[in-house]
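Enquirer: need a 3D model of the following:
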Amino acid sequence: MYSCGPTVYGLIHIGNLRGGLVADMFYRYFQRVGYEVNYVRNYTDVDDKIIKKAHEENSTADAVALKYTQEVEKDFAVSGMLEPTHKTTVTTHMKEIITMIEQIIRNGKAYVVEGGEVLFAIDQFKTYGELSHKKLDDLIAGIRVEVRSNKKNPLDFTLWKPAKPGEPAWDSPWGKGRPGWHIECSAMANRWLGEQIDVHHGGEDLIFPHHENEIAQSEAAHQKGPFVKYWLHHAFLTLSKEKMSKSLGNIFTARDFLTQYSGEFARYMLLSSHYRSIIDFGSEAIDQAWMGLHRIYEAKARAQEILRQPKGRSDLRAEAVWGSFAAQVEKAKDEIDDHFANDFNTPGALASLFTLIREFNRSLAEPLAQATPGALLAAQQLIEVMESDIGGVIGVGRLDAQKALEDLSRIKRMQSEQNQESPRPTEAEILKAIEDRALARKSKDFAKADSIRKDLEARGVLIKDSPAGTTWEYQ
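Expert: Predicted structure coming up:
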């Protein structure tokens, strides 16, 4: 299994964290059902964004990449991710990258142009576009201006780019330079997983062109397909219905979230929805995560309390109650297995757990039901479902119940205090405030306009003025 990891030029945002957690869930599941998994997660440690960050920090690209790789690793560890089999970087695989480019050229699927740039020849790969369901003619028609006259086809993409002054560069048969973005994953996957792999994961924004180009490169180099048997793509995390990304500036860092909440809270919020469903990050998603975890640990606390009680005498009525519950446990376990096997349907698996919790609570309400032999077994069974059947895949429900409930109480208090101090305005309120500010500025009431801006900032909203108008984003 290969998973596209982050480009390391800053702290990751919570959307990046979702990608890592989804891959971790896949990894846990495959191991749970008996596979021996060779799992590779890459880090892109040479990139234009890294070079730009190095200039901003008066540092080197190597130092920036190492610094932020370490920071990403901290966030991944706090969120409880298992260690992959291999963690790879681009800069340690230059030999493999250059070798693969040479193979592609030898097989007539790439060409070298003046200056030492190597381009992939799209016309020589007839199945290009199958993964993303795109047609070459439509893609070409969508290109308005062709500024790269050295390309045989405007869709041809870079495998190797010539060096620029002041940028990292490596020796190659085509001169000093560095690899294009797409070739790195093909080369690293081949190095550690072979010419054909079972599972490849990444965000849905990578389907085109990144994963489409990976297929073209890998199959062109090895002259066999498919490069990947199963592609798994997770959906975006949005903020106020807009995709969260560093380029848009509408990010909430994973570090901030993990510090305010917890690794388990992040796991639940980001994995309780289906991995292919968009999550809109905000108070509703946080509230739902809180309620789900609270239900789990409230029931686990009851189960742990039963296990701490002295064993009571057997009672026919109580044993009948718990015998019925035992049947519910087996049903829930089968349903959870089926849900995970059905394209990792985590909402369905959690729904089966909550049904079992409801049955457990109902059984506890029966007279004489607590602390009998059947109750002790039921408590053990419920905890096993939480910690193994659910926790073994999603990675939640495995903590001591009392400590977890205390942490959830802390989160609830924190949310309450934040809401009292500066409730986040709705989109309609923000747009109205921006309109009022524009009117104030038009009538030269700059004091009022500035007051509106400061009030929005205090409530977590940043507004920006430009020639195109005023935009806003949550901080």
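Enquirer: tell me the strands beside the helix or strand residue 470 falls within, with direction?
Expert: Using DSSP states H and E, residue 470 sits within strand 469-474. Strand pairing for strand 469-474, determined by DSSP bridges: strand 461-466 (antiparallel).
Enquirer: can you get me the start-to-end distance on stretch 86-99?
Expert: End-to-end span of stretch 86-99 (C-alpha to C-alpha, to the nearest Å): 21 Å.
Enquirer: ok, residues contacting that stretch?
Expert: For stretch 86-99, contacts defined as C-beta atoms under 8 Å, 6 or more residues apart in numbering pick out 5, 38-46, 62, 65, 69, 160, 168, 170, 172-173, 179, 183-184, 187-188, 190-192. Bear in mind the C-beta positions are built from the backbone N, C-alpha and C, glycine included.
Enquirer: got the buried residues for that stretch?
Expert: Residues 88, 89, 90, 91, 93, 94, 96, 97, 98 are the ones in stretch 86-99 that count as buried (16 or more other C-beta atoms under 10 Å).
Enquirer: just those: which are in helices?
Expert: Counting by DSSP state H, these place 94, 96, 97, 98 in helices.
Enquirer: and the residues you listed, which is closest to residue 108?
Expert: Relative to residue 108, the closest of these is residue 98; by C-beta to C-beta it sits at 18.1 Å.
Enquirer: so where's the protein uncertain?
Expert: The chain contains residues with pLDDT under 70 at 142-148, 240-241, 244-250, 312-314, 367-371, 419-423, 458, 467, 475.
Enquirer: tell me which of the contacts of stretch 86-99 fall in strands.
Expert: Of the positions in those, 40, 41, 42, 43, 160, 179 sit in strands, assigned by DSSP state E.
Enquirer: and these, which two are the farthest apart?
Expert: Longest span within the ones in strands among the contacts of stretch 86-99, C-beta to C-beta: 41 and 160, 24.2 Å.
Enquirer: residue 184 is in contact with residue 45, isn't it?
Expert: No: judged on C-beta atoms under 8 Å, residue 184 makes no contact with residue 45 at a distance of 9.5 Å.
Enquirer: which of the ones in strands among the contacts of stretch 86-99 sits closest to residue 352?
Expert: Residue 352 has its nearest neighbour among these in residue 41, at 29.9 Å by C-beta to C-beta.
Enquirer: excluding chain neighbours, what is closest to residue 260?
Expert: Nearest residue to residue 260 in three dimensions, chain neighbours excluded: residue 414, at 6.8 Å (C-beta to C-beta, 6 or more residues apart in numbering).
Enquirer: so that neighbour, which state does it fall into?
Expert: Put simply, residue 414 is helix when judged by DSSP: H, G, I helix; E, B strand; the rest coil.
Enquirer: distance check, it against residue 261.
Expert: From residue 414 over to residue 261 the distance is 9 Å, taken as C-beta to C-beta, to the nearest Å.
Enquirer: looking at those two, which one has more neighbours?
Expert: residue 261 (21 against 12; other C-beta atoms under 10 Å).
Enquirer: show me what contacts the more buried one?
Expert: Shown in contact with residue 261 (C-beta under 8 Å, 6+ apart): 286, 411.
Enquirer: partners of residue 170 in the sheet?
Expert: Counting by DSSP bridges, residue 170 forms beta bridges with residue 177.
Enquirer: contacts only, for it.
Expert: Contacts of residue 170 by C-beta under 8 Å, 6+ apart are 94, 98, 176, 177, 178.
Enquirer: buried stuff in stretch 219-236?
Expert: Residues 219, 220, 221, 222, 227, 228, 231, 232, 233, 234, 235, 236 are the ones in stretch 219-236 that count as buried (16+ other C-beta under 10 Å).
Enquirer: try stretch 262-274
Expert: Neighbour counts using 16+ other C-beta under 10 Å place 262-274 of stretch 262-274 among the buried residues.
Enquirer: cool, and stretch 191-207?
Expert: Neighbour-count burial for stretch 191-207, counted by 16+ other C-beta under 10 Å, picks out 191, 192, 193, 196, 197, 199, 200, 201, 202, 203, 206, 207.
Enquirer: what does stretch 276-289 give?
Expert: Buried residues in stretch 276-289, counted by 16+ other C-beta under 10 Å: 279, 281, 285, 286, 289.
Enquirer: what does that stretch contact?
Expert: So stretch 276-289 is in contact with 14-15, 18, 204, 233-241, 244, 252, 261, 265, 268-270, 272-273, 343, 415, 424, going by C-beta under 8 Å, 6+ apart.
Enquirer: might you report the residue contacts of residue 217?
Expert: Contacts for residue 217 (C-beta under 8 Å, 6+ apart) come out as 100, 104, 120, 159, 182, 183, 186.
Enquirer: turn those into a markdown table, columns for distance to residue 402 and neighbour count.
Expert: Output for these, formatted as a markdown table (distance: C-beta to C-beta, whole Å; neighbours: other C-beta atoms under 10 Å):
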| residue | distance to residue 402 | neighbour count |
| --- | --- | --- |
| 100 | 54 | 25 |
| 104 | 59 | 26 |
| 120 | 58 | 26 |
| 159 | 56 | 27 |
| 182 | 50 | 22 |
| 183 | 52 | 29 |
| 186 | 49 | 28 |
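Enquirer: between those, which is nearest residue 27?
Expert: Of those, the one sitting nearest to residue 27 (C-beta to C-beta) turns out to be residue 186, at 21.1 Å.
Enquirer: so who does that closest one touch?
Expert: Contacts of residue 186 by C-beta under 8 Å, 6+ apart are 100, 214, 217, 218, 221, 227.
Enquirer: tell me the one among these nearest to residue 405.
Expert: residue 214 (45.1 Å).
Enquirer: hang on, the earlier thing: pull out the buried members of the contacts of stretch 86-99.
Expert: 5, 39-46, 65, 69, 160, 168, 170, 172, 179, 183-184, 187-188, 190-192.
Enquirer: what about dumping the CA coordinates of the strand holding residue 470 to CSV?
Expert: The C-alpha trace of strand 469-474 is given here as CSV (Å, rounded to 0.1, in the frame of the first residue of the first chain):
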residue,chain,number,x,y,z
GLY,A,469,-13.5,43.7,-3.4
THR,A,470,-13.5,42.4,0.2
THR,A,471,-13.1,38.8,1.1
TRP,A,472,-13.3,37.0,4.5
GLU,A,473,-12.1,33.8,6.2
TYR,A,474,-12.3,32.2,9.6
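Enquirer: buried sites along it?
Expert: By neighbour count on 16+ other C-beta under 10 Å, the buried set for strand 469-474 is 472, 473, 474.
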